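Asker: Here's my sequence, what's the structure:
(one chain, ligands or ions: 4)
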Amino acid sequence: MIVFDLHCHSTASDGVLAPRDLVERAGRMGVQVLALTDHDSLAGLEEARQMAGNLGIRLIHGVEISVTWHGHTVHVVALNVDPTQPELVKGLAGNRGGRAERAVRMAHDLARLGIHGALEGAYGFADNKELIGRTHFARFLVERGVVKDVKTVFKKFLVKGKPGYVVHQWAGLGEALEWIRAAGGQSVLAHPGRYQMGKEKIRLLLEEFRILGGDAIEVVTGSHTPDQVPIFAALAAEYDLLASVGSDFHAPGEGGRELGRLQPLPAQCRPLWSVW
Ligand code: AMP
Ligand code: MN
Ligand code: MN
Ligand code: MN
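Answerer: Ligands and ions are numbered 1, 2, ... in the order given. Presented below is the predicted three-dimensional model:
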């Protein structure tokens with residue numbers, strides 16, 4: 001059986017390993033087909049491709065696009081995209097462009113609680129300054145001793161209703177899917193089990209995603225609990241969507257899933273790679 005991992009992050013966004021080190025680690029973990037899917041950025045792909053070539057790993061060009069859908073932030077993973085395609089390149093630049101101002105607002109919000117220096121602190125964790133995001137703030141809050149680990153940060157801070165959360169407008173779902181189509185890629189709704197939506201809203205999202213031309217959903221992901229896997233396998237079948245797998249790895253020892261350490265897709269799923 002081929003080992004796939006179609007979702008992970010490098011220092012080009014909020015991972016802690018440089019693309020070459022990430023690919024090297026994936027190789028050690030037995031991954032044979034790896035997609036690098038940094039948030040809103042294609043900057044790590046070139047380096048990752050070179051290392052993958054050296055190691056005999058198949059590298060899939062990917063990116064995880066931040067989307068605002070009916071007031072919710074959702075993530076769409078694009079796979080097999082042409083990283084030079086102008087519509088995609090321009091669209092992603094637009095998504096990145098809003099991050100600096102958002103970071104300033106996040107830091108202001110934290111300062112009101114007496115947590116000072118968050119902006120500088122977060123940027124200190126961001127290798128790619130354009131990609132400043134919540135994970136960098138989370139690492140700063142852990143370093144500062146405000147919270148014990150990154151996982152806990154996302155319970156007490158930076159999420160809807162908690163300090164450090166700011167409303168932000170990302171790309172529209174239709175727009176993101178259009179960029180992916182233009183770049184010749186497939187679109188995958190990332191970690192659907194993680195969205196704070198009721199069952200009906202999730203169904204609406206799947207419905208709209210399908211109608212707009214979405215290809216697949218992540219069924220097996222580091223963000224799903226074991227009991228969510230069969231639920232999303234069934235939904236994928238119901239909405240005639242392909243199924244994808246990805247660890248969403250960010251950093252060793254940060255509590256997320258390790259590269260390639262994923263259960264197999266349930267038998268009822270049609271894997272995304274069946275159309276490659
Ligand atoms: P941003 O794109 O700046 O909104 O940051 C989103 C990132 O924050 C995600 O990709 C994760 O890396 C991280 N994140 C969000 N929610 C959680 C969570 N509950 N636990 C751990 N990391 C999270
Ligand atoms: Mn992330
Ligand atoms: Mn995500
Ligand atoms: Mn991710």
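
Asker: Any part of stretch 57-69 near ligand 1?
Answerer: Yes - Stretch 57-69 reaches ligand 1 (C-beta under 6 Å from any ligand atom) through Ser66. Glycine gets a C-beta too; all of them are placed from N, C-alpha and C.

Asker: What helix or strand is Ile217 located in?
Answerer: Assigned by DSSP states H and E, Ile217 falls within strand 216-221.

Asker: which other helices and strands contact the helix or strand where Leu177 lies?
Answerer: Under the criterion of DSSP H and E, Leu177 resides in helix 173-182. Applying 3 or more C-beta pairs under 8 Å, 6 or more residues apart in numbering; DSSP states H and E, one finds that helix 173-182 makes contact with strand 58-69, strand 72-79, helix 86-97, strand 186-189, helix 199-211.

Asker: hmm, try it at 7 Å
Answerer: strand 58-69, helix 86-97 (3 or more C-beta pairs under 7 Å, 6 or more residues apart in numbering; DSSP states H and E).

Asker: just checking, what packs against the strand or helix carrying Phe232?
Answerer: Phe232 belongs to helix 228-238 when assigned by DSSP H and E. Here helix 228-238 touches strand 216-221, going by 3+ C-beta pairs under 7 Å, 6+ apart.

Asker: Contact residues of this protein facing ligand 4?
Answerer: Neighbours of ligand 4 within the chain, by C-beta under 5 Å from the ion: 64, 248.

Asker: quick one, which residue of the chain lies the farthest from its center?
Answerer: Most distant residue from the mean C-alpha position of the chain: Gly114, 30.4 Å away (C-alpha atoms, centre = their mean).

Asker: For it, what is the enclosing helix or strand?
Answerer: Using DSSP H and E, no helix or strand contains Gly114.

Asker: What about the residue of the stretch 101-250 of the chain found nearest ligand 3, how many residues nearby?
Answerer: Nearest residue of the stretch 101-250 of the chain to ligand 3: Ala190, at 4.7 Å (C-beta to the ion). As a burial measure, Ala190 scores 23 neighbours (other C-beta atoms under 10 Å).

Asker: Ignoring the adjacent residues along the chain, who's closest to it?
Answerer: Distances taken as C-beta to C-beta, 6 or more residues apart in numbering put His75 closest to Ala190, at 3.9 Å, once the chain neighbours are dropped.

Asker: just the CA coordinates of stretch 79-94, formatted as CSV?
Answerer: Extracted as CSV, the C-alpha positions of stretch 79-94 are listed here (Å, rounded to 0.1, in the frame of the first residue of the first chain):
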residue,chain,number,x,y,z
LEU,A,79,-3.6,19.8,-4.9
ASN,A,80,-1.7,19.4,-8.2
VAL,A,81,-1.8,23.1,-8.9
ASP,A,82,0.5,24.9,-11.3
PRO,A,83,2.3,27.2,-8.9
THR,A,84,2.9,29.8,-11.7
GLN,A,85,-0.7,30.2,-12.7
PRO,A,86,-1.5,33.9,-12.6
GLU,A,87,-5.0,33.7,-11.2
LEU,A,88,-3.9,31.5,-8.3
VAL,A,89,-0.8,33.5,-7.6
LYS,A,90,-2.8,36.8,-7.5
GLY,A,91,-5.6,35.3,-5.4
LEU,A,92,-3.2,34.0,-2.8
ALA,A,93,-1.4,37.3,-2.7
GLY,A,94,-4.7,38.9,-1.9
